[in-house]
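A.B. asks: Pasting the sequence and the predicted coordinates here, then a few questions.
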Amino acid sequence: MLAAFCVLRFAVLPYYDNSLNAVLAAESAAVPAGIRALHDDAFVADMHADSLLWARDLSRNHRRGQVDLPRLRAGGVDLQVFSVVSKVPRGLNYDSNPADSDSLPILFLAAWRSPASWFDPWQRALVQARELAELAEQPDFTMVLRQPDLDAPGLKGLLALEGMHALGGRADALDELYAAGYRMMGLAHFFDNEVAGSAHGREKHGLTDLGRVLVTRMEALGITIDLAHASPAAFAQTLALARKPVVISHTGVEGTCPGPRNLSDDQLRGIARNGGVVGIGYWAGAVCDTSLVAIVEAILHVIEVAGIDHVGLGSDFDGTITAPLDTAGLPQITAGLVAAGLPEPDIGKILGANLRRVLDTNLPD
């Protein structure tokens, strides 16, 4: 039995981490000194990475995966949003997924996490929250819990939940997760739940009565609402109810990459009216080509439709995607924005100032 656990931990888990979170460019390409200076002077923020899922020691530099603290620092990142995945249906697809299957038990077992987390999304959410809190004990790394934490020197991390199914239908669970450190929450992931429908669910329903209660409660607590993966009905109903800016942490846009995962121009205009921010992802399903050019094109489309104040970076690093770069390579995106002719103040907004504005508004002070 011990041998089997060791094989899972030291062979199977690293193999799948390496193969599912691939990077096309093995080494980060150098950028001109002036562009690197522009990048380093900006507040750089990525709105979505699933790195906690893989039980990597994120304090160390790794050759697998896409994010760890050394690579975040090498990429000039000021704020990384660490999203917590707590349940993934088997046979995952963009069109229609049931809520009654779960592919994560083997991953949590292989990571030698508590047996309580092997089959329980709630416990998985708590385990990963504790792991980020432990990581925040590293020097020069701050877990963002309130607005002043955004001004802390060095690297910062913010804890997000990908799908409120982890609450198990309990309204009081929201306050428990807030106490555990969560400051951003997606309503749904790849299946419908007790709070909201998913764009990839069977019914794709809107907000439930519980969902309406929780949207209001999240705003009161200082939790930013994430509409990534939300069904069109839940998306529209949340925008009608929201009194604070929301985010779509990681997505593409139909204007450059049609598909059920990506936002329509009408949805982009809705986010602009709300004052929110759209995070553009880096994978083929979001931008239709795993390239820097495709990422920049999607960003430019959001600017054209919604305006410069409503777009940011939402990599989906370590979310079982193949990316053109890892987080150490983010200055290459800055170079792409410069090549597109965007002025420096606009580039600063895209790199992170837009997200910071939203968090300045939403976080407790």
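C.D. replies: Cool, got the structure.
A.B. asks: When you work out contacts or count neighbours from here on, use the C-alpha atoms and nothing else.
C.D. replies: Fine.
A.B. asks: give me the low-pLDDT residue ranges for the stretch 151-300 of the chain?
C.D. replies: Within the stretch 151-300 of the chain, no stretch has pLDDT under 70.
A.B. asks: all helices for it, in order.
C.D. replies: Taking DSSP state H, counting those that start in this stretch as the test, the helices found in the stretch 151-300 of the chain are 173-180, 209-221, 232-241, 265-274, 284-287, 292-306.
A.B. asks: Dump those helices to TSV, plus distance to Val144 and mean neighbour count.
C.D. replies: Shown next, in TSV, are those (distance: least, Cα to Cα, whole Å; neighbours: other Cα atoms under 10 Å):
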stretch	distance to Val144	mean neighbour count
helix 173-180	12	16
helix 209-221	14	17
helix 232-241	25	18
helix 265-274	23	18
helix 284-287	28	24
helix 292-306	26	20
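A.B. asks: Those helices: which one's closest to Val12?
C.D. replies: helix 284-287 (25.4 Å; Cα to Cα).
A.B. asks: Show me how far that closest one is from its chain's centre.
C.D. replies: Averaged C-alpha coordinates place helix 284-287 at 15 Å from its chain's average position (Cα atoms, centre = their mean, to the nearest Å).
A.B. asks: For the most centrally placed residue in the chain, give its distance to Asp151.
C.D. replies: Central residue of the chain (Cα atoms, centre = their mean): His48, 1.8 Å from the mean position. Distance of His48 to Asp151, given as Cα to Cα, to the nearest Å: 20 Å.
A.B. asks: quick one: which of the helices of the stretch 151-300 of the chain is nearest Ala136?
C.D. replies: helix 173-180 (13.2 Å).
A.B. asks: Report the secondary structure state of the residue nearest to the centre of the chain.
C.D. replies: Secondary structure state of His48, per DSSP: H, G, I helix; E, B strand; the rest coil, is strand.
A.B. asks: Please enumerate the strands of the chain.
C.D. replies: For the chain, the strands defined by DSSP state E cover 45-49, 79-84, 141-143, 155-162, 182-186, 224-226, 247-251, 277-280, 311-313.
A.B. asks: Next, format the ones you listed as a markdown table and append distance to Pro324.
C.D. replies: Output for the strands of the chain, formatted as a markdown table (distance: least, Cα to Cα, whole Å):
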| stretch | distance to Pro324 |
| --- | --- |
| strand 45-49 | 15 |
| strand 79-84 | 18 |
| strand 141-143 | 26 |
| strand 155-162 | 23 |
| strand 182-186 | 25 |
| strand 224-226 | 25 |
| strand 247-251 | 16 |
| strand 277-280 | 14 |
| strand 311-313 | 14 |
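A.B. asks: which stretch among those comes nearest Ala125?
C.D. replies: Nearest to Ala125, of all these, is strand 79-84, at 6.4 Å by Cα to Cα.
A.B. asks: Now do the buried residues in that closest one.
C.D. replies: Leu79, Gln80, Val81, Phe82, Ser83, Val84 (16 or more other Cα atoms under 10 Å).
A.B. asks: For Gly352, see how far away the fifth one is.
C.D. replies: When distances are taken as Cα to Cα, Ser83 and Gly352 turn out to be 17 Å apart.
A.B. asks: cool, the second one as well?
C.D. replies: Between Gln80 and Gly352 the computed distance is 10 Å (Cα to Cα).
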